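K.L.:
okay, sequence plus prediction incoming.
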Amino acid sequence: MSCEPWQCAEIASTKKANPIPKPEVAVAMIQRAAHPIIIAGSNLTERYMEGRPAIDFIIELAKTSKVPVVATAHMVGEFVKRGYQPAAFMNAMEIGQRVADPSWMGLDRKGHPDLVILVGMPYYMQALILSGLKHFAPTLKTMTLDNMFHVHASWSFPNASLDEWANNLKVMTLKFGGN
Amino acid sequence: MTAKNLHIKIDEMKTNSGLIKNLELSIGKVVNENYNEPMGPTPMPSVTTLRDWDLTLLNKYKPFYMPDCDLCCLCTFGKCDLTAGKRGACGLDIAAQSSRIVALACSIGAACHSAHSRHLVHHLIEKYGRRYPLDVGGLNIKVEAPITRLVTGIKPETLGDLDDVLAYVEEQITQILAAAHTGQEANALDFESKAFHVGMCDHIGMEVGDIAQISVFNYPKADPEAPLVKLGIGSVDRTKPVIMCIGHNVVPSVGIIDYAKEQKVDESLEIVGLCCTAHDMTRYYTRGRIVGPISWELRFIRAGLADVVVLDEQCIRTDVADEAAKVNAPVIAASEKNCVGFKNRTNDPTDAIVDDLVSGKVLGVLILDPDKVGEVAVRVAMKVAPMRKRKNVLPTVEEVIAAAKTCTQCKQCQRNCPQDYAVPAALKDAAAGDLSKLTDLYEYCIGCGRCEQACPQKIVIHSLIVKAGEKAMYCEDNLCRSGRGAVSDVEIRSVGGPIVLGEIPGIVALVGCSNYPKGGKDVYDIAREFASRRYIVALSGCSAMAAGSYRNSEGKTIYEEFPGGFEAGGVLNVGSCVANSHIAGAAIKVANIFAKRNLRGNYEEIADYIHNRLGAVGLAWGAYSQKAAAIGAGFWRLGVPVIVGPHGSKYRRMLLGRKDVPENWNVIDARTGETVNVGPSPEHLFNVAETKEECIVQIAKLVIRPNDTWKGRAGKLSHYIDLHKRYMGVMPDDIHLYIRTPADIPITMKDEIQKILEEHNWKETTIPDPTLLPRMVRKMKE
Ligand code: SF4
Ligand code: SF4
Ligand code: SF4
């Protein structure tokens, strides 16, 4: 499990992500957050684990964790088709800009997100949004749930195989479900 | 032009030799002045003249910065780490650094187009004289250079006049570059304004180049029925010697075509082009072939198809000479901007150059005389082709499988692929004899070769992909409409009203490069979707090629399926990169010809008009270049929204509106001076679409304008809702923001929308005569 950026040129200078050593740690961090959100991108229907698209795993995780999901690109329809209603759907840059704005009060207007969890966008695009947040929202915590290490996040899972990725998401879902 | 020491104007003077009328003389330059339009407030704007307009737009569409690099290494104070609020040794912060890079990228792009135009204008003046008249569309075009007129106040009539226009552009680019020096501009928004300024200049630079070449080379002139030309690798007759011209500056290609015709060998040769040179070559010579964009360079050369490679300028792989050497194809570099390390043989005898290239004594030469390039290229191609016998470096299928077997699945190729393509999985299957995944990659691969650079096993991955896609490659035999150039005044008159009133739902301009996330088919799909819905679809550059590369169920390319006019449901290819100016020009001409707004030196008023009334959107789905950044910046200053594909996020900042902040959407009603909230129309000035589906929906939304009539708005909304439901799978969540009065509601969706409006406590508003310029109110009252 390497902690180099998945796309080799996406390096950072002095502020680099802390690797998430195991899924239980990610669960604990999400549980500690008051207003976490998941931003879920278009690769979730392109990438498969155990014969199922990644979106299925994220839906299960979102259901048990009760973390609201913002679907980017055209993903809202994909979520709805699978019986899950995301809290919102928005262009990736729009939601990036909003979470970078400290005066934004969140999807439910109850408070600015304190933990932004990204998953499933094209790697380079997700890296750029994370960079924007690292530079312009330095107090905001960010996390990624892909099997690709993202240096600009606060916390990221290391590079991992599809099986390890599936396992990480399943363990997180189980933990949130109380198992 | 800006500083005149001496200026004499003579309306009428009788002399011994005759009558002189309308003579203007200023510092050694004679300008025959037939331009009656009154001069507006901002001719030849300096860097700050239009700054207030820029800041108005930037207040509405705030930059969202996503630094692509945490560091700055531009001067020896650095490297400086600018992470999260830290300032560099010069005091600069990461926002200003990010916008400085944007301004620099736009300056490089503007310099590139303008230097290209400068070369063209110099060359053409040298050959045809300063007084050579400009003609971009005969009697059908009275406004021959809308951008130039708008910005500089000059109405160019001859090649010599273009010289003066370029002098202005060059000065502005230098000023912007100077602002990027260490310890100059400090503020991010001011860098943005500078990027806008240089983008505006870029549009002039492009316009100058294209009207010069249209006039002299007699390209199609605003012709909706410009000829259909062959497109694709499969359209090249491989039994003939092939000269492959790469780049954007047509001058050496013209030398080749003219020489081949003179010698009556043009029918025995294939003269093909890659990138915009291909467009401009076929505007001159319909027997030319358009091979494809930059991403086709490696596949064409490695497949052994080029017998001679001629390089002019821009978007040329810098390892082309090495690649050509591997297949024994001699290279001729023909531009001062790209000498490739070759010896300058411009003044050597042609026979000696030909002998050296044919014998392989030298791999390439630099020749800066386009006529000599023509002779050398043709003679060398005729001699080399029978010797080369299509020597290529593509492996056999057995070699593909053998190479795939050496793969260790280390994934370095995928991690270095800009597209993150699953190369290792494709090689795993290939090792077992199944090439289907490699064949799929052929369709998507942008031919960058980064995978090969990274492979520790030295597997020539791109060549494997090309071999697997070989069959498809030789079936690429399609049609592109030759670049038609400008939009005629007549076309503007007939569609100006329907566009501004919203009855034609919008103009969609698909422009720019080929850094597509999933191949060029997306461009075709997007263009076809909107043409079928009777939007006006304008194309240029690599996007125009991509759109022509696919066929409908009846076997027709998009250029055969749809008419080539600037009309509802028209699909028009304006031409090469520099022809993008005609798209901006068409928008400007709607304001001038249809709405009768003065053009001359009247930038803000025209941009305000376009921004608030003209439902135009630019899409650069595969934008990668600095030139694309400059083109985008020119559109931003005109207030035209631009969308880029996912790789466009690497331009590192977006200009986004916030639909959740209602006060951002106030405009002034020019009739009353009152403030009216018009909702997010258009919602963004620069944004990324992550997928094709999202892109289609964004386009449909971004054509909405405050000025739409009820009927126009209802039409636009019905497309938006229909596309949203189709591609996003649900009803849009912002419909209530776009309904101003009940008449805006699409008739077939009345009940559904009424319910939404009730849920959102919707209130009716007025439709203003919208402007962002307070001075327009006074003007209307006068
Ligand atoms: S230009 Fe400024 S930020 Fe960049 S290296 Fe020099 S001192 Fe550092
Ligand atoms: S880099 Fe080379 S060895 Fe490694 S997975 Fe890719 S093709 Fe195989
Ligand atoms: S050549 Fe194709 S597969 Fe290789 S890195 Fe470039 S895009 Fe990826």
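P.N.:
Done, it's in. None of these values were measured; they are calculated from a predicted model. Residues are numbered from 1 along each chain as shown, chains lettered A, B, ... in the order given. Ligands and ions are numbered 1, 2, ... in the order given.

K.L.:
burial count for residue 104?
P.N.:
I'll assume chain A. By the criterion of other Cβ atoms under 10 Å in any protein chain shown, residue A:104 has 18 neighbours. Placement of C-beta: from N, CA and C, glycine included.

K.L.:
let's do chain B instead
P.N.:
Count around residue B:104 with other Cβ under 10 Å applied: 21.

K.L.:
ok now the helix or strand hosting it, how far from the chain's centre?
P.N.:
In this assignment (DSSP states H and E), residue B:104 forms part of helix B:94-128. How far helix B:94-128 lies from its chain's middle: 13 Å, per Cα atoms, centre = their mean, to the nearest Å.

K.L.:
first vs last residue of stretch B:149-157, how far apart are they?
P.N.:
This stretch, stretch B:149-157, spans 11 Å end to end (Cα to Cα, to the nearest Å).

K.L.:
mean confidence for that stretch?
P.N.:
Across stretch B:149-157, pLDDT averages out at 97.

K.L.:
quick one: contacts of that stretch?
P.N.:
Residues outside stretch B:149-157 that contact it (Cβ atoms under 8 Å, 6 or more residues apart in numbering or on different chains) are B:1, B:32, B:34-35, B:37, B:39-40, B:43-45, B:133-134, B:143-145, B:148, B:161-162, B:164-165, B:168, B:200-201, B:203-204, B:208, B:211, B:588, B:599-603, B:606.

K.L.:
could you chop chain B up by domain?
P.N.:
Domain assignment of chain B by automatic domain parsing yields the ranges B:1-31, B:66-217, B:233-388, B:406-459, B:479-656+B:683-730.

K.L.:
and stretch B:80-87, what's buried?
P.N.:
B:80-84 (16 or more other Cβ atoms under 10 Å in any protein chain shown).

K.L.:
re the thing from before, most tightly surrounded among the domains of chain B?
P.N.:
Most buried of those, by mean neighbour count (mean count of other Cβ atoms under 10 Å in any protein chain shown): domain B:479-656+B:683-730, with a mean of 24.

K.L.:
anything in that domain near ligand 3?
P.N.:
No - Domain B:479-656+B:683-730 lies apart from ligand 3 when judged by Cβ under 6 Å from any ligand atom; the minimum separation is 9.5 Å.

K.L.:
now do that domain: distance to the chain's middle.
P.N.:
Distance, centroid of domain B:479-656+B:683-730 to centroid of chain: 12 Å (Cα atoms, centre = their mean).

K.L.:
tell me how far the residue nearest the centre of chain B lies from residue B:631.
P.N.:
Centroid-nearest residue in chain B: residue B:512, 3.9 Å away (criterion: Cα atoms, centre = their mean). As judged by Cβ to Cβ, to the nearest Å, residue B:512 and residue B:631 stand 7 Å apart.

K.L.:
ok, residue B:288 next?
P.N.:
Residue B:288 is 24 Å from residue B:631, by Cβ to Cβ.

K.L.:
over to residue A:31?
P.N.:
In terms of Cβ to Cβ, residue A:31 sits 48 Å off from residue B:631.

K.L.:
next: residue B:236.
P.N.:
On the measure of Cβ to Cβ, residue B:236 and residue B:631 end up 29 Å apart.
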